[in-house]
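J.: dropping a prediction and its sequence here:
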Amino acid sequence: MSSDNGPAEGGAQDAPPEQLALIRETVRRTKTPRAKPRTWRGAALAGELPVARVLVDKGVLHLDRYFDYAVPEELDAEAQPGVRVRVRFGAGRHRVRDGRREGGGLIDGFLIERRAESDYAGPLAALAQVVSPERILDEELLGLARAVADRYAGSLADVLQLAVPPRNARAEKRPSPDPLPPPPVPEAGSWARYEAGEAFVAALASGSAPRAVWNALPGPGWSEELARAVAATLASGRGALVVLPDGRAVARVDAALTELLGEGRHAVLTADAGPEKRYAQWLAVRRGAVRAVVGTRAAMFAPVRDLGLVALWDDGDDSHSEPHAPQPHAREVLLLRAAQDRCAFLLGGWSCTVEAAQLVETGWARPLVAAREQVRAAAPLVRTVGDGDLARDEAARAARLPTLAWQAVREGLRHGPVLVQVPRRGYVPRMACAACRTPARCRHCSGPLEGQESGSALRCGWCGREEGGWHCPECGAHRLRAQVVGARRTAEELGRAFPAVPVRTSGREHVLDTVARAPALVVSTPGAEPVAEGGYAAALLLDGWAMLGRPDLRAGEDALRRWLAAAALVRPQSAGGTVVAVAEPTLRPVQALVRWDPVGHAVRELAERAELGFPPVSRMAAVSGPPEAVAGFLDAVELPPEAELLGPVPLPVTAPGRPRRAGAPPPGEHWERALIRVPPGRGAALAGALKTAQAARTARGSEAGVWVRIDPPDIG
């Protein structure tokens with residue numbers, strides 16, 4: 001009687017089928033030593049370092065750790081640290097069916113390291129696929145991403161989604177250009193206008209790592225000055241990274257760098273670029289073919305080799321705050337990079353934030369400013385119109401512009417274009433009481449009442465009901481005035497007043513980049529002001545009280561920043577440049593505008609915040625969500641002993657149809673927010689405690705979500 005098993009199983013031919021199967025399995029296990037680690041599929045493993053430690057692409061806090069997988073023999077060569085992989089992950093990874101483990105769904109991940117052994121005692125699932133042999137994640141970028149995740153109480157996977165652009169196969173197959181040799185050391189150029197400007201550029205060229213907060217002079221010279229700082233860093237054989245708030249600013253620095261150094265010296269990284277172009281540029285930087293990067297916040301994690309300089313322009317701009325989890329700010333990311341890479345740091349702008357002033361106050365950075373005579377020579381003349389002036393001005397009562405503003409417009413149009421900055425876009429104005437300026441609210445839902453383009457009755461901006469016989473609940477008056485008139489409405493009024501002059505608008509729907517020297521009225525919302533060839537002859541800054549009256553800790557700082565950004569585009573006073581600000585002249589931000597002294601304003605703001613314990617002197621976190629969820633979270637979190645809990649307090653209800661800000665309740669839902677404050681040096685402990693509590697909550701599968709944000713920007 002023959003047997004397929006042969007004589008090796010001698011004596012087993014007469015055994016029952018069940019016993020025979022057991023004998024066969026015993027012999028197989030005895031003859032074939034089990035690999036360490038073993039896989040549940042029994043695949044042949046890599047001969048050396050058969051364990052891959054993988055970060056799965058799941059931005060969930062309780063999964064913010066590495067998972068071990070076995071490396072199959074056929075993937076041994078490609079499965080190197082830093083490559084993208086696909087693995088089985090999920091409930092299926094632990095499920096047993098018919099006596100055999102089954103794999104879960106495939107998910108993307110990064111291979112972090114190869115190891116000889118695993119800490120996991122059971123069998124390991126094998127890597128399913130190496131997506132690409134391109135090693136895109138090195139220790140430097142991984143360390144930065146981990147530092148950002150820890151600072152903002154977020155997950156490493158979420159940070160890497162921001163840091164590494166999506167793969168594009170065509171871009172990956174395209175070879176990167178050969179790196180160019182370092183350029184010659186550039187001249188200081190217009191950096192000579194600043195007291196320590198030439199020394200700063202010389203330090204960059206020599207390979208040093210100076211750290212400076214730069215208060216730029218008004219005018220278009222800032223982009224050329226940034227380009228020279230980058231060129232000096234490249235001349236030292238190191239790389240440079242410049243982060244700017246928007247694509248228009250990127251285009252200006254891009255043009256300045258190209259003119260100074262030629263093509264091929266730098267890469268441009270913006271979120272607006274197509275996936276293939278963006279990934280190709282990113283790979284050129286990662287491979288070391290390009291040593292300089294200019295971009296928006298999408299570039300703040302750019303893997304520049306031998307980083308020698310990180311620079312940020314206008315750190316007070318909202319665009320530098322990432323809206324996706326864990327919502328890092330570009331300034332803080334570049335500060336971490338400067339510390340991690342021990343490189344130079346440059347924070348510049350026409351204005352000065354409180355955070356920038358703190359860097360100088362603590363001695364971490366040095367001020368880079370011009371002498372007062374240089375400031376006066378470059379700045380326009382600034383004049384103000386306050387409430388008292390408006391009350392005495394017949395023209396201001398009949399129309400929205402006071403006499404001084406009309407005169408500035410007429411005189412400016414004789415010599416070139418005139419800029420008009422309006423706090424909001426569109427046409428429909430929000431209404432308020434003409435006597436006491438109490439906002440006009442709907443009697444049904446308390447929504448804001450808005451004037452209509454047709455001139456008909458008022459209408460609620462939330463529920464849409466029309467309002468007939470309105471009267472002020474505070475003073476009983478019946479007359480209304482526009483709180484803030486939109487850009488289109490302002491353009492319409494100015495067009496009627498100056499019928500022979502072209503009127504152009506720039507805002508969210510259509511942003512102009514430049515305007516010609518010819519006379520024109522340019523109506524713009526803050527941040528969308530186009531650059532005029534040769535500078536604007538004059539500028540009007542309307543409705544200043546609307547920006548200053550926001551219930552926000554940064555209202556004054558932000559208003560001054562927006563005013564300075566517009567006024568910096570105006571010709572110097574020696575060339576006839578004039579700015580008229582419709583705002584109360586006794587207020588501190590208005591006084592800083594008149595004196596062109598943003599640094600002094602920031603220093604005084606910093607002193608007040610230190611006295612009151614407000615950020616950035618303290619560190620703060622916001623916890624918001626449904627009341628029961630917030631209460632449960634606060635009961636569970638183990639806060640540092642120094643932590644101070646403020647609240648919780650109710651949040652305003654989001655109206656249906658209105659855009660929802662991050663951390664705001666869904667339309668119609670009632671949420672609460674608690675603020676947690678800790679003294680300097682305890683921010684890491686606070687972030688760690690919040691992250692631990694949030695991870696425990698997500699692991700339990702809590703249905704009601706709690707939103708946690710470190711350094712919330714909208715503290716009232």
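T.: Arrived safely, thanks for sending. Numbers count the residues shown, from 1 in each chain.
J.: how about the strands in the stretch 501-650 of the chain?
T.: Using DSSP state E, counting those that start in this stretch, the strands of the stretch 501-650 of the chain run over 503-506, 514-515, 521-524, 531-532, 538-541, 578-582, 619-625, 644-650.
J.: so which of the ones you listed comes closest to residue 307?
T.: Ranking the strands of the stretch 501-650 of the chain by distance to residue 307, with CB to CB as the measure, places strand 619-625 first at 26.3 Å. Where C-beta positions appear, they are placed from N, C-alpha and C, glycine not excepted.
J.: return the distance of the closest one from the chain's centre.
T.: A distance of 18 Å separates the C-alpha centroid of strand 619-625 from that of its chain, computed with CA atoms, centre = their mean, to the nearest Å.
J.: likewise stretch 330-344?
T.: With CA atoms, centre = their mean as the basis, the distance from the averaged C-alpha position of stretch 330-344 to the chain average is 15 Å.
J.: buried ones in that stretch, by neighbour count?
T.: Judged by neighbour count using 16 or more other CB atoms under 10 Å, the buried positions of stretch 330-344 are 330, 331, 332, 333, 334, 335, 336, 337, 338, 341, 343, 344.
J.: mean confidence score for it?
T.: Mean pLDDT, taken over the full extent of stretch 330-344, equals 97.
J.: and for that stretch, what are the contacting residues?
T.: Judged by CB atoms under 8 Å, 6 or more residues apart in numbering, the contacts made with stretch 330-344 from elsewhere in the structure are 140, 143-144, 147-148, 151, 203-204, 208-211, 233, 238, 241, 243, 297, 300-301, 307-312, 315, 320-322, 345, 347, 355, 711.
J.: now do stretch 219-226
T.: 189-191, 193, 197, 216, 242, 249, 252-253, 255-256, 260, 311, 313, 346, 348, 350, 378, 531, 535, 568, 572.
J.: before we move on, what about stretch 165-173?
T.: In this structure, residues lying in contact with stretch 165-173 by CB under 8 Å, 6+ apart are 84, 131-132, 134, 275-280, 282-283, 298.
J.: and for stretch 668-683?
T.: Under the criterion CB under 8 Å, 6+ apart, residues 151, 613, 617-627, 630, 634, 639-640, 642-651, 653-654, 656, 663-665, 685-686, 690, 710, 712, 715 lie in contact with stretch 668-683.
J.: mind redoing it with 6 Å?
T.: Outside of stretch 668-683, the residues that reach it under the criterion CB atoms under 6 Å, 6 or more residues apart in numbering are 618-625, 627, 630, 640, 642-648, 650-651, 665, 686.
J.: can you say which of the contacts of stretch 165-173 are buried?
T.: Among the contacts of stretch 165-173, those classed as buried by 16+ other CB under 10 Å are 84, 131, 134, 278, 279, 280, 282, 283, 298.
J.: just checking, what packs against the longest strand along the chain?
T.: When the chain is scanned for its longest strand (criterion: DSSP state E), the result is strand 105-115. When contacts are defined as 3 or more CB pairs under 6 Å, 6 or more residues apart in numbering; DSSP states H and E, strand 105-115 packs onto strand 51-56, strand 84-89.
J.: would you mark the buried spots in it?
T.: By neighbour count, and taking 16+ other CB under 10 Å as the criterion, the buried residues in strand 105-115 are 107, 108, 109, 110, 111, 112, 114.
J.: what do you get for stretch 127-138?
T.: Of the residues in stretch 127-138, those with enough neighbours to count as buried (16+ other CB under 10 Å) are 127, 128, 130, 131, 134, 136, 137.
J.: and for stretch 597-612?
T.: Judged by neighbour count using 16+ other CB under 10 Å, the buried positions of stretch 597-612 are 597, 598, 599, 601, 602, 603, 605, 606, 609, 610.
J.: now the strand or helix carrying residue 283, how far from the chain's geometric center?
T.: With the criterion set as DSSP states H and E, the secondary-structure element containing residue 283 is helix 275-286. Taking CA atoms, centre = their mean, one finds the center of helix 275-286 at 20 Å from the center of the full chain.
J.: need the next SSE after that helix, C-terminal direction.
T.: Beyond helix 275-286 on the C-terminal side, the first helix or strand identified by DSSP H and E is strand 292-295.
J.: any idea of the mean pLDDT for the lengthiest helix in the chain?
T.: With DSSP state H setting the assignment, residue counts place helix 683-700 as the longest helix in the chain. Computed over helix 683-700, the mean pLDDT rounds to 91.
J.: dump the very next helix or strand once past it to CSV, restricted to CA.
T.: Tracing the chain past helix 683-700, the next element assigned as helix or strand by DSSP H and E is strand 707-710. Coordinates of the C-alpha atoms in strand 707-710 are reproduced here as CSV (Å, rounded to 0.1, in the frame of the first residue of the first chain):
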residue,chain,number,x,y,z
TRP,A,707,-12.7,69.6,20.3
VAL,A,708,-9.3,70.4,21.7
ARG,A,709,-7.0,73.2,20.4
ILE,A,710,-3.7,74.5,21.8
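J.: and strand 707-710, which strands flank it?
T.: Strand 707-710 has its sheet partners listed here by DSSP bridges as strand 619-625 (antiparallel).
J.: quick check: mean pLDDT across the partner strand?
T.: The predicted confidence, averaged over strand 619-625, sits at 93.
J.: go on, stretch 240-254?
T.: Mean pLDDT, taken over the full extent of stretch 240-254, equals 96.
J.: need the residues that contact that stretch.
T.: Contact partners of stretch 240-254, identified using CB under 6 Å, 6+ apart, comprise 223, 226, 230, 233, 268, 270, 272, 292-294, 299-300, 302, 304, 309-314, 317, 319, 330, 513.
J.: one more: stretch 590-603?
T.: Here stretch 590-603 makes contact (CB under 6 Å, 6+ apart) with 215, 351, 352, 354, 357, 375, 379, 382, 384, 560, 563, 583.
J.: can you tell me which of the residues you listed are in strands?
T.: The members of the contacts of stretch 590-603 that map onto strands under DSSP E are 215, 382, 384.
J.: against residue 599, how distant is the first one?
T.: Spelled out, it's residue 215. Using CB to CB, to the nearest Å, one gets 6 Å for the distance from residue 215 to residue 599.
J.: between the two, what contacts are shared?
T.: Shared between the contact lists of residue 215 and residue 599 (criterion: CB under 6 Å, 6+ apart) are residues residue 352.
J.: so residue 649 bridges to which residues?
T.: Judged by DSSP bridges, the bridge partners of residue 649 are residue 673.
J.: just checking, residue 640 touches residue 688?
T.: No - contact between residue 640 and residue 688 fails when scored by CB atoms under 6 Å: they sit 8.9 Å apart.
J.: are we agreed that residue 252 is in a helix?
T.: Yes - with DSSP: H, G, I helix; E, B strand; the rest coil as the criterion, residue 252 is part of a helix.
J.: burial count for it?
T.: One way to gauge burial is a neighbour count; for residue 252, by other CB atoms under 10 Å, it gives 21.
J.: that one and residue 156: what is the separation?
T.: Remark: distance between residue 252 and residue 156 (CB to CB) = 35 Å.
J.: tell me where the stretch 1-150 of the chain has strands.
T.: 51-56, 67-70, 84-89, 95-97, 100-102, 105-115, 129-132.
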